[in-house]
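Enquirer: sequence plus predicted model, see below.
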Amino acid sequence: MSQKEKTYTMIRFAIAFLTAAGLGFSITTRNIIGAIAIFFIGLFLIVFMKRTYKEVIICDERTQKISDKAITGAFWIYLASIALANIVVIFLGPLDLGIIDQIKPAVYHITYTFFFLIFLYETLRYYYNNKI
């Protein structure tokens, strides 16, 4: 891997990490305008990086397969986390613990988000299946 490829990889990782951290913080503090601004700034920076490092970016079957495996792994980890959180809320709910009442809305919100992601995934899968 050349120095330019390493630089591109590190900057891309830093942009993704800082965008995700900023989005998480903005959403937790209920700052929707800040979250939208951070999302578009991150998107702009990624597009700018792709144009700047155009000769570094190589899309072939190997990189596509790696990306597919990464998103699949992230999807299953997210699914397992949501399932575990819901199981904890269901089984510890009757114990009347204060912490369960505090995390219950967040768990439900994340679960609904997950259902939206599954719907979006299936819609896009259907679209690309018919397109190709």
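Expert: Great, that's in hand.
Enquirer: how about the strands in the protein?
Expert: Listed from the start of the chain, the chain has no strands (DSSP state E) to report.
Enquirer: quick one, helices of it?
Expert: 3-28, 32-52, 61-92, 98-131 (DSSP state H).
Enquirer: would CSV of the ones you listed with mean pLDDT and mean neighbour count be doable?
Expert: C-beta: built from backbone N, CA, C; applies to glycine. Putting the helices of the chain into CSV (pLDDT from 0 to 100; neighbours: other C-beta atoms under 10 Å) gives the following:
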stretch, mean pLDDT, mean neighbour count
helix 3-28, 81, 13
helix 32-52, 83, 13
helix 61-92, 78, 12
helix 98-131, 73, 11
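Enquirer: let me see the domain layout of this structure.
Expert: 1-57, 59-132 (automatic domain parsing).
Enquirer: distance between stretch 36-56 and the chain's centre?
Expert: Centroid separation between stretch 36-56 and its chain, computed with C-alpha atoms, centre = their mean, to the nearest Å, is 16 Å.
Enquirer: ditto for stretch 72-90
Expert: 14 Å.
Enquirer: which residues touch that stretch?
Expert: Ile100, Ile103, Lys104, Val107, Ile110, Thr111, Phe114, Leu117, Tyr121 (C-beta atoms under 8 Å, 6 or more residues apart in numbering).
Enquirer: can you rerun that using 6 Å?
Expert: Here stretch 72-90 makes contact (C-beta atoms under 6 Å, 6 or more residues apart in numbering) with Lys104, Val107, Ile110, Thr111, Phe114.
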